[in-house]
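J.: Could you work out the structure for the sequence below:
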Amino acid sequence: MNFHIVKTIFLKELKDTIRDSKTLVVMILLPIILYPLLAIGGGQVLMQQGKKIQNNVIIISLNKTDNGLYDFLKLDKKIKIVEHNDPLKDLKLGNINAYIKITDKFAQDIDKEKVSSVEVLFDQASIESLHARAEITNLLDDYSIKVIESRITKKGLNKNILIPFNSSFRNIAPKEKIGGFYLGNILPFIIIFMTILGAFYPAIDQTAGEKERGTLETLLTTPVKKYEIITGKFLTISLFAFITGLLNLASMTLSMTMLLGSDKINFTIPWSAMGLIFLVLIPITMFFVAIMMLVSSLANSFKDAQNYLTPVYLICGFPAMVTIVPGFNLNFKSSLIPVANVSLLIKDLLLGKFEVDLIILVIVSTTIYSMIAIAAATRLFNREDVLLSEESNLRLLFTNNSSKLKRTPNFMESVTLYIIGFGLLFYVGGTLQTMYKLNGVLMTEVFLVFLPAILFVKYLKFDYRETLSLRKVSLKSLTGSTLLAISGGFFITKFAREIQEKIFPMPSELKEAFKYLLYENGHLPSTLKLFIIIAVSAAVCEEILFRGPILAGVRSKFDKKSTVIIVGL
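T.: Okay, the predicted model is just below:
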């Protein structure tokens, strides 16, 4: 490699990138201005809103007024008790903040030392109502203590029998560690997101942008090797992304130190951690830059590159948010997860945790991932059919020659889709179905099965008709399949179920899970709803995926019998 040529290309790309106003805004102006504005403006807004809510008079309704609780609440200046004919309706409309409902014999129960009940109705979708709930909870506790003290006094007992001991809490963490805790939760993923953003526009401009302007062809005609060109471009983009990450780190830390620091919290970053943060940012920046260049090289215009890189930006940045997930710490397993490992390591370093083996593991694994990404980007960049292609196409990742692109997916493309679908079903589908039951099943079918298959065909520009096997159904085929389903389907299903029960019987826990999934408020939903979700959505969505791109991909490599068996499995 001729380093003089690489240096020339690097300086040329550096000048061109500096001239780009968008890059300068993202890299320098945004981090310098953003965090002080957020700290000043956001803090002021939150404080003002908090004070406003705290000073608001809480409007409540009480269904009984001839009791001690009513008299106790009326003494509080923050509480305003109003009478309403329909307090529940007024609560929904926001006319009152809460409705306190007590039993008819509340006063008598209190006098007779019986246990009574108080129900507080509030609107969880209203900030004012949530504040009212908190205040009323404290007041009810105070009234409860007052009643207890009154009962004890009547019996001639000392009220101290209710207080076996006094408790106090003392913080032992220094204010620097507390600041590191808060910084560690939010700073790592912001640095990573902004580092990716720092690579976003330069990567597009130096690949798809040059294609669109027609300057890349001129560069390729010079007596310069392609890997020297990509090295110069790679170093330029990496520099800008790295500087963006460091500026965000410095700007956010200084903003929080100057504007949000106090005698209890210190937001300074320990200098012992700065070197390691600086070190770990190098391989992760190289990883992001390689991914960005890899994907944007496939685009033929600035607009297409933005469309390609936006989901990549989100996918790469999402794992960095593990720092805000409770209980997710840096260990041997998490140190091997790309992006997440760097985010967790930065969090640990800000907290003053220096586990040498984990630090080495994160740096080594991230370096390996970045080398793989760089190798893939270099391989793609060395192909003239990619660099000089007049059409944007992500399918070039799966083939060595654009002339080999077909109208339907190949085997590797269908396997890739299957792996993505499996991951979505396993990680997201289960959560949706647990939260939303049958509606979650419908959401799974539509958003995790049907939509990925359609987007796969659309963005890789396959032929819809051929890939999805969209053909007119003959009357003979329709009649035969219907008769087969009516006559043989029941017996085949029954026979398969009997075999399954003997070999792999359904666990009782799974049966209970199905009951939980199917029943809504203790009852089965309507037959129409069950039919749409279980029959129609599955028939349409799953068939589109399996008898569409997956069948087309497997069929391109295997014979008919093998294809039927593989797709069936």
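
J.: Now residue 119. Its backbone dihedrals?
T.: Main-chain torsions, residue 119, degrees, to the nearest 10: phi -120, psi 130.

J.: Correction: the previous question concerned residue 80.
T.: According to degrees, to the nearest 10, residue 80 has phi -120, psi 120.

J.: can you tell me which residue is nearest the centre of this structure?
T.: residue 318 (5.7 Å; Cα atoms, centre = their mean).

J.: which SS state does that residue fall under?
T.: Assigned with DSSP: H, G, I helix; E, B strand; the rest coil, residue 318 falls in the helix class.

J.: do residue 326 as well
T.: Secondary structure for residue 326, judged by three-state DSSP, is coil.

J.: and it, what pLDDT?
T.: Looking at residue 326, its pLDDT stands at 72.

J.: mind listing what's buried in whichever strand or helix holds residue 107?
T.: For residue 107, the host element (DSSP states H and E) is helix 106-111. Buried residues in helix 106-111, counted by 16 or more other Cβ atoms under 10 Å: 106, 107, 109, 110. All C-beta atoms are positioned from the backbone trio N, CA, C, and that covers glycine.

J.: What is it packed up against?
T.: Contacts defined by 3 or more Cβ pairs under 8 Å, 6 or more residues apart in numbering; DSSP states H and E place helix 106-111 against helix 68-74.

J.: what about the helix it packs on, distance to the chain center?
T.: In terms of Cα atoms, centre = their mean, to the nearest Å, the centre of helix 68-74 is set 47 Å apart from its chain centre.

J.: helices and strands around that helix, which ones?
T.: The helices and strands touching helix 68-74, judged by 3+ Cβ pairs under 8 Å, 6+ apart, are strand 58-62, strand 79-81, strand 98-102, helix 106-111, helix 127-154.

J.: any chance of these in JSON lines, with mean pLDDT too?
T.: Shown next, in JSON lines, are the helices and strands packed on helix 68-74 (pLDDT from 0 to 100):
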{"stretch": "strand 58-62", "mean pLDDT": "78"}
{"stretch": "strand 79-81", "mean pLDDT": "84"}
{"stretch": "strand 98-102", "mean pLDDT": "87"}
{"stretch": "helix 106-111", "mean pLDDT": "84"}
{"stretch": "helix 127-154", "mean pLDDT": "86"}
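
J.: Make JSON lines out of these and add distance to residue 202.
T.: Putting the helices and strands packed on helix 68-74 into JSON lines (distance: least, Cβ to Cβ, whole Å) gives the following:
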{"stretch": "strand 58-62", "distance to residue 202": "54"}
{"stretch": "strand 79-81", "distance to residue 202": "59"}
{"stretch": "strand 98-102", "distance to residue 202": "55"}
{"stretch": "helix 106-111", "distance to residue 202": "70"}
{"stretch": "helix 127-154", "distance to residue 202": "42"}
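
J.: Quick check: residue 161 vs residue 167, distance?
T.: Note on residue 161: its distance to residue 167, by Cβ to Cβ, to the nearest Å, is 17 Å.

J.: Among the buried residues of helix 106-111, which one sits closest to residue 218?
T.: Distance to residue 218, by Cβ to Cβ, is smallest for residue 106 among the buried residues of helix 106-111, at 87.4 Å.

J.: That closest one reaches residue 119, doesn't it?
T.: No. With contact defined as Cβ atoms under 8 Å, residue 106 and residue 119 do not form a contacting pair (11.0 Å).

J.: where does the stretch 251-400 of the chain dip in pLDDT?
T.: By pLDDT under 70, the weakly predicted segments of the stretch 251-400 of the chain are 255-271, 383-400.

J.: can you give me the strands in it?
T.: Assigned by DSSP state E, counting those that start in this stretch, the stretch 251-400 of the chain shows no strands.

J.: check contacts around the residue lying closest to residue 132 once chain neighbours are set aside.
T.: Once flanking residues are discounted, residue 132 sits nearest to residue 97: 3.7 Å by Cβ to Cβ, 6 or more residues apart in numbering. Neighbouring residues of residue 97 by Cβ atoms under 8 Å, 6 or more residues apart in numbering: 58, 59, 60, 91, 122, 126, 128, 129, 131, 132.

J.: Among the residues you listed, which one has the most neighbours?
T.: Each of these was scored for neighbours by other Cβ atoms under 10 Å, and residue 132 scores highest at 27 neighbours.

J.: does it really touch residue 122, like I thought?
T.: Yes. Judged on Cβ under 8 Å, residue 132 makes contact with residue 122 at a distance of 6.3 Å.

J.: list residues touching both of the two?
T.: Contact with both residue 132 and residue 122 is made by residues 97, 98, according to Cβ under 8 Å, 6+ apart.

J.: quick revisit: can you tell me which two in the contacts of residue 97 are farthest apart?
T.: The most widely separated members of the contacts of residue 97 are 91 and 131, with 14.1 Å between them, by Cβ to Cβ.

J.: so where's the longest helix in this protein?
T.: Once the chain is assigned using DSSP state H, the helix that runs over the most residues is helix 226-259.

J.: And it, how far out from the chain middle?
T.: The chain centroid and the centroid of helix 226-259 are separated by 24 Å under Cα atoms, centre = their mean.

J.: Also stretch 77-92?
T.: Worked out by Cα atoms, centre = their mean, stretch 77-92 lies 40 Å from the chain centre.
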